Structures are given as structure tokens and as C-alpha cells.
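Asks: Please find the sequence and the predicted model below.
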Amino acid sequence: MRNRGGIQGVASSPILVGAVTVLVIIVAVFLAYNANNGLPFVSTYNLKARVPNADALLKGNEVRIGGVRVGVVKSVKPVQLSGGRLASELSLSLDKTAEPLPVDSTLMVRPKSALGLKFLQITPGKSSKDFKAGETIPVSAARPEPVDIDEFFDMFDKPTRQAIRRNLAGFGNALAGRGPQFNEALGELRQFAVHSQPVLRTLVEPGTGFASFWRSLEQLSATVAPVAETQASMFAALDRTFGAFARVARPYIQETIEKSPPTLDEVNADLPVLRPFFDDSKRFFTALKPGAKALGETSPVIARSLHAGVPVLNASPVLYEQLKPTAQALVDFQEAPGVLEGLDLLTSTNEVLKPALSFIAPAETTCSYMSLTFKNLALSTGGGNDDGHWLSFISFNPPEGPNAETTPSSAPATGPGKNFLHYNPYPNTAAPGQSRGCEAGNERYEPGQTVIGEAPKTYGTTTSGGAGE
């Protein structure tokens, strides 16, 4: 009866009932306020994650796996990575149902609504290794976020809207009043599709390499992507260039285009006539090429020759005045009777003497045998006194016997103590068919050896200062 009375006393007290009600409301409000950050006294799976850009991700935003809320973002702070790059580090409080998370899982910041609210989406991987509580998901796990709707609408800025209006006006003017033509084009399109089927079948065959064409085109696009800004600047420059062309299009470019067809007709008519000239010019310059090369190598010598020839040319008028009577005398000699007959006789004489001179001339021009003969004759009478000159000579007794070397022998000498024959009736004198050398007068005696004809060794190719002298 006492307890019952106590309960009735509390229920009958308005102050106590009000205090309990206020306490329950405060606890409910506290739990509702902190619901987004996790309920108290509930075990969680805490991780850290790094993304290149948090992109308006805030504390308290949801973390979802497969569209289901599995936790919240506890905090967002900037961090500096290796190499000086900046990133965002997220502190995640996940439910125990999300534990463990494979190490090859990926992250993506995605929009939750069109108002800009974001959430963090986690796509679990398939690795057998997991993230332990407190570990950090690296920035390499972050994936590019999709384009938000606000970013999409930001694309339509004022210049873009104006360009779209101009395009619509241009297309409208281009299509206005051309309905029948479009109808005819659509009617012919069916025939085009029918006739294009064999072409398309040929294109898609493996042997045409059509698939590799698109892969190559993709590689080409990837190659030119790094120079996209350069290409954009090139198109901007082309726009300025074509703008300059537009300012002179009329009348200058227009007149050039109008006059180009008759000009091409005239060129086509003249080219067949000019072709032989071009062919001759090609052969001429081909033949001139070695001379031009030689001229380039000898140009310093030619330059020095020209500098040296200036004084000579300055003095040449005096020489010309002196040569004038000489030239006149030559003309008079040519016109004199019997000159031409004498020249004919001289030519005939040269033809008769040519075979003999072909042998005599090398003996003199190469070996100087005639000069040495007269020189030796002069030296033989060069000695003397006041009374006159005398003849110098040496007498010697040649060896005797059947094998003596003073005259030709019928057979070579045999046995010790015999004289061995050395005789060359036709020595080498640089005559036609012979090597350039002077054998006569340069032979040396080969003891114990018979030498008949050309010597086995030539000891000189000239006679100046040699044995012949």
C-alpha cells in the first residue's frame, strides 16, 4: 500500500511529470540532431579516404554503398601529397555492416540532388585483402566524378547562347523554302540505303581492316589531345587569316577566281610546246652540274687570276697595237703564192716521218740520247792548251776468245773462268709499246750470268747524271 501510494504521489505531482516530459523531449531532440553523425553508443567502422577534390562534400554527408546509406563523413580537411599536390582527406564513420572493405575499392563524389548536395559513393572491390579500421584509402582509389547538372548548365554562358541564336537563325534561313527539295532527298535516301548495303558489307569484312582504322583514329586522337590548345590557337589564327581574306574577297579574290580558268586553259595549251624546252633545259643543267661543281672548287684560283689579269688587260691595248702589223704580215703570208702548196707538202712530209719520229722523239724527249751524244763529242775535244784542243780517248784491250763479249756469240760461255755474254741489241728507249724508261746506258754487268736481250733489272729511268753521260 506504501509503494502504490508513492507512485500515485509522483503521478499526482505536476512538477515531476513536467520535468520527466522535458527530459524525454531533450533526449529525443539530441538524438535527432546527431542522427546524421551516428547514434551514440553504437560501434562503427572508421576509415580515412583521400580524394583529389572534395567538391563541396561537407561534414555529415552520407556515405553509400550500392545506393544504401552505410555511414557519414565525420570531417573534411586538406592535405599535401608527395610532389606538392593537394588533396582532401575524409574521415568516414561506417556501419559495421560495411566491414571489411576490400583494398581495391573505389570512391566517387556524386550529386545527391540538383541543389548541390553531395554524397560519397563506395564501390567495393574483389580483393582478398581488406582495410583495417583506422587505415587510409589512397587517392589512387578515387575516380573522376560525373558532370553535375549545374556544371552542365554553366556551359551555356552568354557567348554560347548568342552563338546558338545565330546558328538557329542561319539554319532557319538555309532551310526556309526548301521543303520540296528535302522531300526529294528523303525519297532518294531509301535508294541510297539499298545501294549502300554491299559497300557496308565490304567495309565490315575483317579483310578491310575497318576496325583497325577506328582504333588507329582513336590513337591519333589520343596523340593530338596534348596539343589541343596549340590546335585551338591555330584555328584562332586561321579565323584571323580568313577574316583578312574576307576583307579582300571582292573584288581581288573574286577576279582571281574568274580569271583562273582561262589562264589554266592557256597554260594547258602552252605546256606541250614548252615541254621540249624543259627537257633540253634539264639535260643542259645536268651536263652543267659537274662544271658548276668544279667552278666552285676552282673559284678562288679564278678570283686570283682575275685580280692578276687586271694589270695585263690594262696593258693589252699597247700589245694589240704591236700585234696588228704582225697579224697583217701573217695574212699577207697566207695570201702569198705557194704557201698553201708548201703547207700541203709539209703535211705530207710529217705523215712520212711520223713512224720514224714516234721512235726517235721519245729517245730524245725522255732519254735525251741525241743531246748526250753531242755533249759527249764536245767533251771529248774539250781538253787542250794555248796551241789548241786535243781528242780525249781511252784504249782498252777487249778479251779474246770464242766467247768474248765484244761481239755477239753463238752460244753462252760454259765453265769457270769463261766470259759470259752481255748483249742487248734493242734496248728500251721509251719507244711506242715500251715502258717509260731509258735502258740503254743504264745497264749494269751481272757477273756470272748470261744476259741476252732486255736486262733483268733497270737501274734508271733517266740518263741525266747516269751511266750514259
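Replies: On my side now, so go ahead.
Asks: How is Gly437 assigned, secondary-structure-wise?
Replies: What DSSP: H, G, I helix; E, B strand; the rest coil gives for Gly437 is coil.
Asks: Does it touch Ala431 like I think?
Replies: No: in this structure, Gly437 is not within contact of Ala431 by C-beta atoms under 8 Å, at 10.6 Å. Every residue, glycine included, has its C-beta placed from N, CA and C.
Asks: now the helices for the protein?
Replies: 2-11, 14-33, 149-154, 158-175, 179-204, 210-224, 228-247, 254-335, 339-365, 369-380 (DSSP state H).
Asks: Select from the ones you listed the stretch with the lowest mean pLDDT.
Replies: Ranked by mean pLDDT, the helices of the chain end with helix 2-11 at the bottom, a mean of 52.
Asks: Need the single longest strand in this protein, by residues.
Replies: Longest strand in the chain by number of residues (criterion: DSSP state E): strand 68-80.
Asks: Show me the contact partners of that strand.
Replies: 36-38, 44-46, 50, 54, 57-64, 86-95, 97-98, 120, 122 (C-beta atoms under 8 Å, 6 or more residues apart in numbering).
Asks: mind checking how far that strand is from the chain centre?
Replies: Chain-centre distance of strand 68-80: 54 Å, with C-alpha atoms, centre = their mean, to the nearest Å.
Asks: Now do the contacts for Val109.
Replies: Val51, Asn53, Ala54, Asp55, Leu57, Lys118, Phe119, Leu120, Gln121, Glu145.
Asks: burial of Leu101, as a residue count?
Replies: By the criterion of other C-beta atoms under 10 Å, Leu101 has 24 neighbours.
Asks: What is the neighbour count of Pro100?
Replies: Neighbours of Pro100 (other C-beta under 10 Å): 12.
Asks: does it really touch Ser128, like I thought?
Replies: No: between Pro100 and Ser128 there is no contact under C-beta under 8 Å: 10.3 Å.
Asks: got a list of what Gly453 touches?
Replies: Tyr423, Asn424, Pro425, Tyr426.
Asks: Which two among these are spaced furthest apart?
Replies: Greatest spacing in those, by C-beta to C-beta: Tyr423 and Tyr426 (10.6 Å).
Asks: Backbone dihedrals for the closest residue in space to Ile164 that isn't next to it in sequence, please?
Replies: With sequence-adjacent residues excluded and distances taken as C-beta to C-beta, 6 or more residues apart in numbering, Ile164 is closest to Phe156, at 7.7 Å. Main-chain torsions, Phe156, degrees, to the nearest 10: phi -90, psi 70.
Asks: Phe156 and Ile452, how far apart?
Replies: Phe156 sits 118 Å away from Ile452, going by C-beta to C-beta, to the nearest Å.
Asks: Then Val318?
Replies: Distance, Val318 to Ile452, by C-beta to C-beta: 65 Å.
Asks: out of these two, which sits in the busier spot?
Replies: Ile452 (13 against 9).
Asks: Does the more buried one touch Tyr426 like I think?
Replies: No: using C-beta under 8 Å, Ile452 makes no contact with Tyr426, being 11.3 Å away.
Asks: Local confidence estimate at the residue nearest to Ile164?
Replies: 79.
Asks: That one - how many residues pack around it?
Replies: 10.
Asks: and if you look at Leu47?
Replies: 23.
Asks: Next, count neighbours for the spatially closest residue to it that is not a sequence neighbour.
Replies: Leaving aside its sequence neighbours, Leu47 sits nearest to Leu92 (C-beta to C-beta, 6+ apart; 4.8 Å). Counted with other C-beta under 10 Å, the neighbours of Leu92 add up to 23.
Asks: what residues are up against Leu92?
Replies: Per C-beta under 8 Å, 6+ apart, neighbours of Leu92: Asn46, Leu47, Lys48, Ala49, Val63, Gly71, Val72, Val73, Lys74, Leu120.
Asks: and the fourth one, bridged to which residues?
Replies: Okay, so that is Ala49. Beta-bridge partners for Ala49, by DSSP bridges, are Leu90, Ile137.
Asks: Now do it against Leu92, distance only.
Replies: 6 Å.
Asks: Which among the contacts of Leu92 count as buried?
Replies: Buried by 16 or more other C-beta atoms under 10 Å: Leu47, Lys48, Ala49, Val63, Gly71, Val72, Val73, Lys74, Leu120, out of these.
Asks: now, the most widely separated pair of the residues you listed?
Replies: Lys48 and Val72 (13.8 Å).
Asks: coming back round to it: which one among the buried ones among the contacts of Leu92 gets closest to Gly342?
Replies: Of the buried ones among the contacts of Leu92, the one sitting nearest to Gly342 (C-beta to C-beta) turns out to be Ala49, at 121.8 Å.
Asks: State the distance from the closest one to Leu94.
Replies: Distance from Ala49 to Leu94, by C-beta to C-beta: 10 Å.
Asks: and the closest residue to Ile122 other than its chain neighbours, bridged to which residues?
Replies: Of all residues beyond its chain neighbours, the one nearest Ile122 is Ile65 (5.0 Å), with distances taken as C-beta to C-beta, 6+ apart. Counting by DSSP bridges, Ile65 is bridged to Val68.
Asks: Tell me the spacing between Ile65 and Arg110.
Replies: 12 Å.
Asks: Likewise for Trp214?
Replies: In terms of C-beta to C-beta, Trp214 sits 31 Å off from Arg110.
Asks: Hmm, Ala49 is touching Leu107, no?
Replies: Yes: under the criterion of C-beta under 8 Å, Ala49 makes contact with Leu107 at 5.7 Å.
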